[in-house]
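Engineer: Got a predicted structure here, sequence first:
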Amino acid sequence: MNEEIKMQEAFLIRAMKPEDLDQVMALEQRCFSMPWPRSAFQDELTRNPLARYLVVTAGELVVGYAGIWLIFDEGHITNVAVDPDWRQRGLAKQLLAVLLANARGCSISACTLEVRRSNLPALRLYQQFGFVEEGCRKGYYTDNKEDALILWKRNMNDCAIREDWLLLEEEKEEEEEDV
């Protein structure tokens with residue numbers, strides 16, 4: 001099983017672990033005007049069976065992360081973030097590609113997300129992956145009442161298929177049975 005994806009020479013994409021939370025929280029503060037609290041990430045990793053999270057690392061340093069909820073046959077992308085000092089290297093694109101490939105491997109047929117109307121770099125990234133605007137949540141962001149655009153990717157057939165998450169879940173179940 002290949003649970004880690006090596007990118008170029010210096011970067012690695014792998015499942016987020018509780019030990020990553022200090023660095024993830026530092027990134028959350030740097031990347032978002034309304035950061036999630038630590039407890040939200042802890043719950044996602046330990047209590048939410050629908051949640052899957054990835055990190056991209058440079059050595060021991062977490063420089064980006066992404067998350068998704070797998071709900072029946074749909075995926076809801078919760079967040080994609082790359083440290084401002086590590087942007088313009090294709091890391092968000094790689095994270096999103098792996099996230100979507102794993103989602104497709106879990107029989108997800110469509111994905112959705114919300115994004116600030118003003119976040120043009122994110123909008124361009126999502127459009128590259130075939131996401132299209134299908135709605136708007138007026139005043140969604142409470143910090144400045146900015147609208148959130150609702151994007152959908154209805155056709156996952158152009159995503160590679162990876163099954164790392166399924167394999168990881170099977171391993172967890174086997175470990176629980178052994179105890």
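Structural biologist: Noted; the coordinates are in hand.
Engineer: Remind me what whatever helix or strand residue 42 lives in packs against, helices and strands.
Structural biologist: Applying DSSP states H and E as the criterion places residue 42 in helix 38-46. Contacts defined by 3 or more CB pairs under 8 Å, 6 or more residues apart in numbering; DSSP states H and E place helix 38-46 against helix 21-31, strand 51-58. No exception for glycine: its C-beta is placed from N, CA and C like everyone else's.
Engineer: for the ones you listed, which one ends up most surrounded?
Structural biologist: Mean neighbour counts were taken over these using mean count of other CB atoms under 10 Å, and the top value, a mean of 21, falls to strand 51-58.
Engineer: which one is residue 24 nearest to, not counting chain neighbours?
Structural biologist: Excluding the flanking residues, the one nearest residue 24 by CB to CB, 6 or more residues apart in numbering is residue 65, at 5.6 Å.
Engineer: secondary structure element for that neighbour?
Structural biologist: strand 61-71.
Engineer: Would you map the strands across this structure?
Structural biologist: Ranges of strands within the chain are 4-7, 11-15, 51-58, 61-71, 74-82, 110-116, 132-137, 148-153, based on DSSP state E.
Engineer: Show me the one of these that comes nearest residue 165.
Structural biologist: Taking CB to CB, strand 51-58 is the member of those nearest to residue 165, at 5.3 Å.
Engineer: just how off-centre is that closest one within its chain?
Structural biologist: When distances are taken as CA atoms, centre = their mean, to the nearest Å, strand 51-58 is centred 7 Å away from the chain's centroid.
Engineer: ok, now stretch 66-76?
Structural biologist: With CA atoms, centre = their mean, you get 9 Å for stretch 66-76.
Engineer: Can you list the low-confidence ranges for the chain?
Structural biologist: 1-9, 166-179 (pLDDT under 70).
Engineer: pretty sure residue 18 contacts residue 44?
Structural biologist: No: the criterion here is CB atoms under 8 Å, and residue 18 misses it with residue 44 at 10.4 Å.
Engineer: what about the closest residue to residue 38 other than its chain neighbours, distance to residue 36?
Structural biologist: Using CB to CB, 6+ apart and skipping the chain neighbours, the partner closest in space to residue 38 is residue 25 (5.4 Å). According to CB to CB, to the nearest Å, residue 25 stands 9 Å off from residue 36.
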